[in-house]
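Enquirer: Fold the following, please.
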Amino acid sequence: MSSPTLGLVCAAAGGIEQVRERLIEPMLADGWSIAVTLTPTAATWLAATDEIAKIEAATGFPVRSTPRLPDEASPHPTVDCYAAVPATANLVAKLALGIADNQALTQLCEAIGGRRPPVIVFPRVNAAHAAQPAWDHHLDALRSSGVGLVYGEQVWPLHSPRSAPGKELPWAAIREAIESSIAWR
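Expert: The predicted structure follows:
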């Protein structure tokens, strides 16, 4: 069987600076192909540290953050699973409401609307985000649409804003959710 392809969508949240070393490279070593799309702010963050070039060199695909023209072929292969890691509260809210106002959200919204391929989301949020009155409704909307959430006190205990700098993301739980979302092994 051919190697599975992950469509990795990254938003501008803590942990994005580690996504290549902690998620992309280990998954590539396990036989995955990975095509990365960034939100506009995430692209700005990673361009400032030359991380985009490093991701492109590792994956062999261009990193996308803007839509292609209608007559251009997609630079990414068909994916077997999408994962939004890390996902900001803003990305989660827009995704739950079906707002596709950038390339990253467009890919995720289309996958959810088409019920294929599976979508995994790791909301990298804090206690203030989770206390926002609409937050639980957003999570419920995603769950009812079949989105797999890597979320909860067991994987990412909530903390007050700006109180967890350097806190390690739950990379093992994220990988487990992605890998279990498809049957390829």
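
Enquirer: Tell me the residue in this structure that is farthest from the middle.
Expert: The centre of the chain is farthest from one residue, Asp71, which by C-alpha atoms, centre = their mean lies 26.5 Å away.

Enquirer: Distance check, that residue against Val119.
Expert: If you measure Asp71 against Val119 using C-beta to C-beta, to the nearest Å, the figure is 28 Å. In this view, the C-beta of every residue, glycine as well, is placed from N, C-alpha and C.

Enquirer: Same question for Pro40.
Expert: 20 Å.

Enquirer: And Arg20, by the same measure?
Expert: Using C-beta to C-beta, we find Arg20 at a distance of 21 Å from Val119.

Enquirer: More neighbours: which of those two?
Expert: Regarding Arg20 and Val119, a neighbour count based on other C-beta atoms under 10 Å identifies Val119 as having more, with 26 against 21.

Enquirer: So that one is in contact with Val85, correct?
Expert: No: between Val119 and Val85 there is no contact, the gap being 11.2 Å when judged by C-beta atoms under 8 Å.

Enquirer: still on that earlier bit, for the residue farthest from the centre of the chain, what are its contacts?
Expert: Shown in contact with Asp71 (C-beta atoms under 8 Å, 6 or more residues apart in numbering): no residues.

Enquirer: Which of the helices or strands spans it?
Expert: With elements taken from DSSP states H and E, nothing contains Asp71; it lies in neither a helix nor a strand.
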